[in-house]
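> Below is the sequence, then the predicted model.
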Amino acid sequence: MSPPGSPPLYPSSLDNGLTVDDNEDLVAVEQLLIPSNDEIQELSGTAFTSSVAQNTDIVLSLQDDIQLSALESSVSFSAATPTPEFAAITLAEDAPAALPTDTPPSPPAASTHRDVPHSANSPLTPRKGCQDTVDKFISAQDSQSPSKHEHTDALRERDMGKVLDTRELLRKELSGKIIEVDVSWARNLYEDVPKARAAKIKGYLEATEEYRNKRWVRLPLVAQYESDLYDPFTNIINSILRQFNLAGPHGSRRKAVDTHAKQLGHGGRKPTSHRSSPDISIRGTGPSFTRPMGNREIGYSNMVGFADVKREEDVTAGGDDHVGQLGVYSRQSFIQQPNRRYVRCLLVTEKRARFYHFDRSGVQYTKLFDIHEEAGLFVLLVVGLCTTDERLLGLDDTVQWTIGADGRRAGGILMTVGPDQAPITYTLSTDQMPWVRPSILGRGIVCWPVQDDKGECFIVKDYWMPQGREPEYEILEQVKGKPGLCQIVSYEIGRGETKDFRGPTDSFGDGVFHNSIAIRIIMKKSVTGPIDNFTSPEELLAALRDAIDAHRTLVSNGLFHREICYDSVLIGLQGVNAKVGERGVLMHLDLAIKPLRTISEFCSEVKTRMPLFESWIMLKACSLPEGLVVIPAHNYLDDLEAFFWLLCYLVLMHEPTGRPGPPTRGHAWVKGWMSHSTVFDVKNTILTSDSFRIELDVVLYAGWRDICLDLIVEFRDLIARVSKAKGLLIFKSQTPAEDGTARNRFSDVLKDVNEIYDQVIGLFDDALKKALDQSTSDAQNPLNVNTNANSITNSETVGADALERVGTGKRPATELDPDSDVEASPAGPKRVCPPTRIPGPSGLSHTVDHDD
C-alpha cells in the first residue's frame, strides 16, 4: 500500500490490472539478445546457462481493454475551443550560467580513481552545431509521418494461457497490412521449380494411393473434430515429400511431423517459458537449420514451414481471423532463424486450403481453394513450402552455417562486400549469437557478430528499409569518426525487396503495402552488448551518460535519432574503463531524420514506435480523437525523454549488479508502460505526482538509492517541465507554407538545446561520481559493503526514515497542468543542476484508445 497521506504512483484501477505478486516477475520485451561468453546457446533460445536464466519472467497484463480511472478533463476537445495562451518558459532558468565556449575552463576535480568531466565544460562539445540544427528544425518542421505502436514489445508470457493475448497483439501489429489475393499468385511462385513440374505432379496424383476419384481419401467428408485431420494431413504431406525426393545439398532433408501436442519453445531477447504448437511442422536439415536444445526432434530452429489445421466449419471467408495464430509461429521462425527473409505456410481443412506469406511489409494470403478439385495446386504448394532451395524457401543464403554431428551449429560464414565492393567472406562468431529484432512488421533488424581472416571483429547489420527513407549507410558516413556513434566500414545494397516476393502489387489498395528494401551494413565492433547487460551502477551510468553526449553529437550533425531504447544504447568495449565518450555507444540510426524536411519528403510508410520509451507529448497526441491534433514532429526532447524512461526501466527492473531483480511495485509501473492502453496514464501519473520521490525511494533496490534517487527525480522534473510547456502548445499546429515547411509549434520549448543537454549530462556526471566513489569505498572497506545490496526493499510500506528523508507530498497525480508553479520536489542539497519545476493540479484527460 502507499505511504500514509500519499497517493499511489499509478491510477487505482491499475492496482487490479497491474499488480505484482511473489509468483510473478518481469523481463522486458523480446528484443536484441547478446549472451555473454558463459551464456552461449543455440538460436532456439530455449536454454540458457547464465544466472539470468534462473530468473523467471513476470507475466505482463496484455489486455487492451483495461479501464483506467480518469478525472474529467479541464481541456475541451472541441476544435473550436481556443488553446490556452502559452507563457514562454526559459528551460535554462535553473541552470548555471553558460560558460564561454572559446576557452575551456579548468577541468573539475577528479574522483579518487577516475575523472568525471562535465560535457558543458568540454571544448569538444558541439554546441553551435546543436543550436543550428534546432534552429533549422524550428523553422521548417511541425508534423511527422504516421506511426503506430509496435505491439510485440509487450509480448512476454509465462505459459500457454497467454497465447491468445499474443495472437491479438500480432493481429493488431499487422492490421492494415493484410492483403487477400487470387490463388494464381501462389501458383506462379513455384511453377518453375524443377521438382514441381506439372507432368510430375500429374504422375504422382495418378499413381498415389492417397488420392483417388478426385479426393484425398484419408480425409473425412466432414471432420467432427480437428484432431481427426492431424494424422491424415501429416501422411499426405510425407507421401508428397517421398515422391518428389526433396533432398538437396549439404544433407538437406524434409519430413512432416504432427506437432499439435508438442510445445515448441519460444526464443527472444530474454529467457521465456512460453510455448506454442503448430499443428503440422516440416522438419528440415541443412545449413540454415539447427536441432533444438534439449535433444528435441523439432522446434522453430529447424522448422522449414508449417500447416495449421481447421475444421471446414471453423474457417471464415476472410483470412484475417487466422493471422494472429499463424503470426505467432511465423514470428518465432524469424527469431530462431535469423537469416529468414519471409515465412510461408498453409491453413488446411478437410475441403479447402489457403496459402499465407509473412514478410517485413505485412501479410498476404490467397483465397480459399478446393484441395480435392485442385489437388495439383495443393501438391505444388507443399513442394514449394518444403523446397531445398533456401533462397526460394525464404532464407538468406549468404549466411551459411556449418552443422556438427549433433545437428547444431558449429561455425559458419557470412558473404558480403568490402569497402571496395569486392566480395569478402567473414567468419560467424560462435561466442556471441546474432541480435534479433523480433517484430514481424518493420525493419527486421539482425546483427551478426563476425571476424575477418585477421581476427578483427565487426558487426554486420541486416535490416529492411521502407522505400523512401534515407539509407542508414548514408547517415553513418555523415557521422564517421564521431565518438560514441557506430562506425561504418562498408555496405551492400541490391539484396532484395519485399515487392519481389508479392507478385504484381499495383492492384493493392492505398497504404496496405509499402515496399521495403534489404540493406546490409558492416561496422566496426566497438561495443560489448546492449545497455541492459551492465554489471555495475558505474558501468550503466557511464554508458548512458556517454550515449546522451553522443546523441548531442548526432544533433550537432543535423540528425534526430528517434528510437532511443535498450537496443540502440550499448556499452562500449572497455566499459567504464574506456575514455570519456566511448563508454556508451548509440546504434541504429536507420530512423534518424534531418531537421529540414518538408511534408512531401515524409516517408508514407507507418513508423512503428515503442510505448515503453515514447514521450509524454507523443502519447498525449495519439490519445486524442483522430483528426483533433496534428501529430507533432519528433525532436531531440523526445529522445532525451526516452533516455529518462530507459534509465527508469533499467534501475527498476535490475539490481545494481545487473541481474534482473525480484518483483516490486516498480515492475507494475514498467508493465503499464508496455501497453498502449495504459502507458499514457501511468507515465502521466509519474510525471505529475508530488509523492514520486517517496514512492521511488520505496521501490528502488538497495544499492541504487544513494546513487540514483536524485538523478531520477531531477531528470523527471526536467522532463515534466518540458512536457508541461509542450502540452500548452499541442493544438497550435502550424499551416505549411507553399514550400511545404511549417514553423514548429514548440519553438520556445526547443530553443535552449545546449542548456538542456548541460543539465542532463550534469545530472549523470554527479550520479556517476557517487557510483565511482562508492565503488572505491567498497573496495577499500570490503567489510562495510552492504550485505543486502541484492535484496529488495519492502515495497508495501514506507518506514519513518524514508518519510523523514523525502518529506510528504500529498497532491494527487493529475495530468500536466500548464498553469502551475508548484515546486517539483522537497528541497535538497544544492547541486550542479538544481531541481526544476513541474506542473500543478488539473483534470486528467480521458485516454482514447485508438486502433493501432
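Cool, got the structure.
> just the strands in the stretch 501-650 of the chain please.
For the stretch 501-650 of the chain, the strands defined by DSSP state E, counting those that start in this stretch occupy 516-524, 527-530, 569-572, 584-586, 607-609.
> of all the ones you listed, which lies closest to E755?
Among the strands of the stretch 501-650 of the chain, the nearest to E755 by Cβ to Cβ is strand 584-586 (21.5 Å). For glycine as for every other residue, the C-beta is placed from the backbone atoms N, C-alpha and C.
> mean confidence score for that closest one?
For strand 584-586, the mean per-residue pLDDT is 96.
> same for it, what does it pack against?
Helices and strands touching strand 584-586, by 3 or more Cβ pairs under 8 Å, 6 or more residues apart in numbering; DSSP states H and E, are helix 537-556, strand 569-572.
> Output the lowest mean pLDDT helix or strand found in this protein.
Confidence across the helices and strands of the chain bottoms out at helix 14-17, with a mean of 35, counting by mean pLDDT, DSSP states H and E.
> Need the residues that contact the next helix-or-strand element following that helix.
Sequence order places helix 127-140 as the next helix or strand after helix 14-17, per DSSP states H and E. For helix 127-140, the external contacting residues (Cβ atoms under 8 Å, 6 or more residues apart in numbering) are 101, 552, 555-560, 595-598, 633, 635-636, 741-744, 747, 750-751, 753-754, 757.
> coming back round to it: redo the helices and strands packed on strand 584-586 as JSON lines? Include mean neighbour count, mean pLDDT and distance to S691.
Below are the helices and strands packed on strand 584-586 laid out as JSON lines (neighbours: other Cβ atoms under 10 Å; pLDDT from 0 to 100; distance: least, Cβ to Cβ, whole Å):
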{"stretch": "helix 537-556", "mean neighbour count": "27", "mean pLDDT": "97", "distance to S691": "25"}
{"stretch": "strand 569-572", "mean neighbour count": "26", "mean pLDDT": "96", "distance to S691": "29"}
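> In JSON lines, list these along with distance to T285.
Below are the helices and strands packed on strand 584-586 laid out as JSON lines (distance: least, Cβ to Cβ, whole Å):
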{"stretch": "helix 537-556", "distance to T285": "41"}
{"stretch": "strand 569-572", "distance to T285": "35"}
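> follow-up on the earlier one: any chance of the strands of the stretch 501-650 of the chain in JSON lines, plus distance to V222?
JSON lines is the format used below for the strands of the stretch 501-650 of the chain (distance: least, Cβ to Cβ, whole Å):
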{"stretch": "strand 516-524", "distance to V222": "42"}
{"stretch": "strand 527-530", "distance to V222": "53"}
{"stretch": "strand 569-572", "distance to V222": "57"}
{"stretch": "strand 584-586", "distance to V222": "60"}
{"stretch": "strand 607-609", "distance to V222": "43"}
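> I'd like to know how many residues surround G327.
By the measure other Cβ atoms under 10 Å, the count of residues near G327 is 24.
> hang on, it in a helix?
Yes. Under DSSP: H, G, I helix; E, B strand; the rest coil, G327 falls within a helix.
> per-residue confidence for it?
G327 is given a pLDDT of 95.
> Show the model's pLDDT score for the closest residue to it other than its chain neighbours.
Leaving aside its chain neighbours, G327 sits nearest to L170 (3.8 Å; criterion: Cβ to Cβ, 6 or more residues apart in numbering). Per-residue pLDDT puts L170 at 87.
> wait, L170 sits on Y329?
No. Between L170 and Y329 there is no contact under Cβ atoms under 8 Å: 10.2 Å.
> quick one: which of those two has more around it?
Shown here are L170 and Y329; by other Cβ under 10 Å, L170 has more neighbours (26 against 23).
> From the contacts of helix 127-140, list the buried ones, please.
Using 16 or more other Cβ atoms under 10 Å as the burial test, the contacts of helix 127-140 include 552, 555-560, 595, 597, 633, 635-636, 741-742, 744, 747, 750-751, 753-754, 757 as buried.
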